[in-house]
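[1] the following comprises the amino acid sequence and a computationally predicted model.
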Amino acid sequence: MSKISLNKLSGSGLSRYYGMIVSISIFLVFITALMGTSIYLSSQVQKSTEQHYVAEQLHQSELELMQSLLSLKLSYGEDPNSPHMQTTLKSLSEAQDTWERSLTTLQNGGLFKGSDNMEVKISALQGSDNTKNLATVKNSWTSLSSEVNNYLKVATSPTATSTSLDLAVLQAQAQGVIVDEATETILANLQSSIQSRSSFLNTLQTVGIAIAMLYLILFLVYFVRKLVASDQEAEAARRETTEIMDTVNTGLFLLDSELNIGSQYSKELENLVGQTNLGGKNLMDVLSGMISDEDLNTTHAFIGQLYNQRTKERLISSLNPLTRQPVNIPGRDKNDTRYLDFKFNRVYHGTDISRVLVGVSDVTDAVLLEQRIEQEREQNDVQLEMLSTILQADRRLVDDFVRNVKRRNTNINNVLKAPGERQPELRDKVNTMFREVHSMKGEASTLKLHGFTVLAENLENELNRLSKVPSLSGEHFLGLAVHLDELMKLTQTIEDLVSRLGGSGPIHSAHSGEAHTLANYYTKFVSDLAQRNNKSVDFSYVGVEETKDETTDSVIREIAVQVLRNAVVHGIETPEERQSRRKLATGHVRMELLDQGNQFSLVLEDDGKGLDYEAIRAKAVRIGKYSEAEAAQLGNKELLALIFSPGFSTLDKSTEDAGRGVGLDIIKDRVSALGGKIGVSTHAGSYTRFSFTFPKK
């Protein structure tokens, strides 16, 4: 896994935008100055406008005061408490108050509330001319205000004379022209200031906007040309990138820390994962359904480590869970498994890991080729093993094995093809095939055909799994055809090897130089069983070696294999157990086949621990066949019948030699088919004897 470094913002990169940055900075400074000046002028216009408002209030209050005095003069003699007189007096008082407040505010500045309830806050009126005119108004107001106050004191008295009113009217007439000229001059000055500043503000804004627009146009023209040129370069680079991405036969994409796929990825990636529009999608969502949840979680944790600076590159490479990863491509046949290889490379920006570059390649052909080579190697090994075994075996036994296995393969195939939908029918199919496969495995084990034994055991495992399925259907049996096909191919291989060897007599042992006999056959079988199960066992054989009937001989060998296996695995104790029970460390198994005139008698006996009725009873309860109360009522005869039922075994864990619960079921089936009888005799801690009788044909 290699490092990839990127420098996105180098010095040369900044220099490309230097002119643009300077131009924008100048433009922003100009706009800022223009806006600052406009704001200042606007504030000055606002200030003059507010002062003009107060000056207008001063002028208006002067006129209202004059009008109120003249109205009172004309109404002299009326009742002072009449509505007309009261209203006029109120207007006079309010005008006097407004005049005084507005004059004070213009001189000193501050908050002013007009007669229309409008509030403004102004600064003192500046300018020598305005100050002079305000002083004139102030002087006139001082003398006029005194006369008005004198009148208001006696205005409502019924005994008052018109003298105070006349004096106030005369004073107002005398000062009116002076005050009017002064206030109008102030208003004119303020109006002129407002107009000049407003005009300058409008001119400034117009010129500023024109300059800004011209600058902006020049800026756009210049930089649009540069952007067009840059876009053309970028487009050319993008086309090159697209051409590369469209032609590479590897899926390439960038992955961020959130596990999102980058917008740019190779076209081949869509073909590899069977999905389109991958840009922006999360890698976990893309892989979901393609790989198992366990692999998905492992991949998520692994990619998280890619962004961990403390995790070494070499360690990450060795932990990659997506090496030759089997996947199911969406939209394709589920049986069409593809193998994808993911390579991860960190992309560095300086010392930081910015993203991860992922390369995906289809290695299906390479994986399948390796698998095919491995299968061929295994087949060659199996053939060598078969050849070695056949060379050391009795030709008659090998021929019988091939014949029996071909027959059983045919039986299994017929059972698979047989119709059946009801649960009892499907269960019977499983049990029938189980018996056939177990018999094949037993015969292969006696001949030391280990490759065949492994294939038979694989089929047994699948049948054992089916026996535990609560509700069977026809689809459950589909996978068995694959296992059966493997057995048939291997059977054909064995038959071909035997055919090439030629001849029909016994093949002599390369080591002993002695011809094989059934006694030797069973002796070696028992010896191998004892060695695998850590037992010490002697075997003895008495009687005839064959019945002259091929079917009977085949059944006897099948029964012998099953019972001898049970005797060694279940019956004979380990040397330590035997010695603790005051028995010889080496157990003994005896087999006897006698011709009794109209029938053959087969006896197999061991000096082991005998049948454990309590273990049989406990297992019957454990598998749910009986309740504890029901099992407690079972006699020895009923318990013996249980060991011959399909799938019953006192062992909880199956091995190559026992634990399937099929051996005695096979014996019962085969003896019944020949019209024979079964006898069982046992004594706890001493022996177990199985006896079988077969009528002659």
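    Noted; the coordinates are in hand.

[2] which regions of the stretch 1-150 of the chain sit below the pLDDT cut-off?
    1-17 (pLDDT under 70).

[3] which stretches of it form strands?
    In the stretch 1-150 of the chain, the strands defined using DSSP state E, counting those that start in this stretch lie at 3-6, 110-113, 119-122.

[4] same check, this time on the stretch 201-350 of the chain
    Using DSSP E, counting those that start in this stretch, strands in the stretch 201-350 of the chain cover 251-255, 261-265, 325-328, 337-349.

[5] which one of the ones you listed lies closest to residue 219?
    Across those, residue 219 has its closest neighbour in strand 261-265 (30.6 Å, CB to CB). Heads up, the C-betas are built off the backbone N, CA and C, glycines and all.

[6] now find how far off-centre the closest one is within its chain.
    Offset of strand 261-265 from its chain centre (CA atoms, centre = their mean, to the nearest Å): 19 Å.

[7] then stretch 191-205?
    68 Å.

[8] could I get the buried residue list for it?
    193-194, 197-198, 201, 205 (16 or more other CB atoms under 10 Å).

[9] residues in contact with it: which ones?
    Stretch 191-205 has contacts (CB atoms under 8 Å, 6 or more residues apart in numbering) with 34, 37-38, 41-42, 44-45, 48-49, 52.

[10] what's the average pLDDT for that stretch?
    Model confidence over stretch 191-205, given as mean pLDDT, is 88.

[11] now stretch 311-322: buried residues?
    For stretch 311-322, by 16+ other CB under 10 Å, it's 316, 320-322.

[12] residues making contact with that stretch?
    Taking CB under 8 Å, 6+ apart as the rule, stretch 311-322 contacts 1-3, 295, 298-299, 302, 305-306, 340-344, 346.

[13] picking up where we left off before, out of the buried residues of stretch 191-205, list just those in helices.
    Within the buried residues of stretch 191-205, residues falling in helices by DSSP state H are 193-194, 197-198, 201, 205.

[14] can I get those in CSV with distance to residue 642?
    Shown next, in CSV, are those (distance: CB to CB, whole Å):
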residue, distance to residue 642
193, 122
194, 119
197, 117
198, 116
201, 113
205, 109
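
[15] closest one of those residues to residue 531?
    Lowest distance from residue 531 to these (CB to CB) belongs to residue 205, with 108.9 Å.

[16] distance from stretch 227-239 to the middle of the chain?
    Stretch 227-239 sits 38 Å away from the centroid of its parent chain (CA atoms, centre = their mean).

[17] with stretch 105-120 instead?
    Distance of stretch 105-120 from its chain centroid, counting by CA atoms, centre = their mean, is 72 Å.

[18] pull out the buried residues from that stretch.
    For stretch 105-120, the neighbour count (16+ other CB under 10 Å) marks 105-107, 109, 112, 114, 120 as buried.

[19] of the strands of the stretch 201-350 of the chain, flag the one that's most buried.
    Sort these by mean neighbour count, taking mean count of other CB atoms under 10 Å, and strand 251-255 sits at the top with a mean of 21.

[20] that one pairs with which strands?
    Here strand 251-255 is paired, per DSSP bridges, with strand 261-265 (antiparallel), strand 352-362 (antiparallel).

[21] can I get the ones you listed in TSV including distance to residue 665 and mean pLDDT?
    TSV is the format used below for the strands paired with strand 251-255 (distance: least, CB to CB, whole Å; pLDDT from 0 to 100):
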stretch	distance to residue 665	mean pLDDT
strand 261-265	57	85
strand 352-362	49	85
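
[22] please tell me I have it right and residue 579 contacts residue 573.
    No: using CB atoms under 8 Å, residue 579 is not in contact with residue 573, being 9.1 Å away.

[23] for the stretch 351-500 of the chain, what spans make up the helices?
    For the stretch 351-500 of the chain, applying DSSP state H, counting those that start in this stretch gives helices covering 364-392, 395-417, 423-446, 450-467, 480-501.

[24] any idea which of those is most buried?
    helix 423-446 (a mean of 21).

[25] can you list the helices and strands that it packs against?
    Packing partners of helix 423-446 (3 or more CB pairs under 8 Å, 6 or more residues apart in numbering; DSSP states H and E): helix 395-417, helix 450-467, helix 518-532, helix 550-566, helix 663-674.

[26] within the sheet, what are the partner strands of the next helix or strand along the chain from the shortest one, with directions?
    In other words, helix 663-674. Later in the chain than helix 663-674, the nearest helix or strand by DSSP states H and E is strand 677-683. Each strand paired with strand 677-683, and its direction, by DSSP bridges: strand 687-695 (antiparallel).

[27] in the partner strand, what's buried?
    Of all the residues in strand 687-695, those buried under the rule 16+ other CB under 10 Å are 687-690, 692-694.

[28] same deal with stretch 75-88?
    Buried residues in stretch 75-88 (16+ other CB under 10 Å): 80, 85, 88.

[29] let's have these in JSON lines, adding distance to residue 247.
    Formatted as JSON lines, the buried residues of stretch 75-88 follow (distance: CB to CB, whole Å):
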{"residue": "80", "distance to residue 247": "111"}
{"residue": "85", "distance to residue 247": "107"}
{"residue": "88", "distance to residue 247": "102"}
